[in-house]
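Visitor: Test case, fold it:
(one chain, ligands or ions: 1)
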Amino acid sequence: MKIRVVVDRDLCIGAASCVTIAPETFQLNDENLAVVLDHGTEPGGRTFERTLEVNEEEYENILLGAQSCPTLAISIFKEDGTKVFPDV
Ligand code: SF4
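Guide: Now for the predicted structure:
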C-alpha cells in the first residue's frame with residue numbers, strides 16, 4: 001500500500017521517539033527535526049513529507065512511530081488523501 005507521511009516541523013521538538021521506533025522512516029536532521037526517509041534512503045534529498053510504498057508490517061511500525069510522538073507532529077494519509085492519524 002501507499003501512504004503519505006508528513007512531519008509538521010513547527011510541532012516537532014526533536015524528542016526522537018519516532019526515530020527509535022521507526023528508524024527506517026524517521027531520522028533527525030541538523031536542526032533536530034524529524035525528516036521522512038524511504039526505507040532508510042532519501043531519494044530526492046531530505047524532506048518533511050514523502051509518499052511511501054509499505055507492507056502491512058512497515059505500515060504498523062510507522063503508525064506506532066507517529067503515535068509515539070508527544071506533540072502529534074506526524075500525520076499519516078492514505079493514498080486517497082484520507083487522514084489515518086491523528087484522527088482529530
Ligand atoms: S517523535 Fe515527534 S517530536 Fe519527536 S522527533 Fe519525532 S516527530 Fe519530532
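
Visitor: which bits of this structure sit near the ligand?
Guide: Listed as neighbours of the ligand in the chain under the rule CB under 6 Å from any ligand atom: 7, 12-18, 26, 34, 68-69, 71, 73-74. Every C-beta, even on glycine, is put in place using the N, C-alpha and C of the backbone.

Visitor: closest to Arg50 among those?
Guide: Set against Arg50, the nearest of the residues of the chain next to the ligand by CB to CB is Val7 (9.4 Å).

Visitor: Among the residues of the chain next to the ligand, which ones are in helices?
Guide: Judged by DSSP state H, the subset of the residues of the chain next to the ligand located in helices is Ser17, Cys18.

Visitor: Now, of the residues of the chain next to the ligand, which are buried?
Guide: Buried residues within those, counting neighbours by 16 or more other CB atoms under 10 Å: Val7, Cys12, Ala15, Ala16, Ser17, Cys18, Phe26, Ala34, Ser68, Cys69, Ala73, Ile74.
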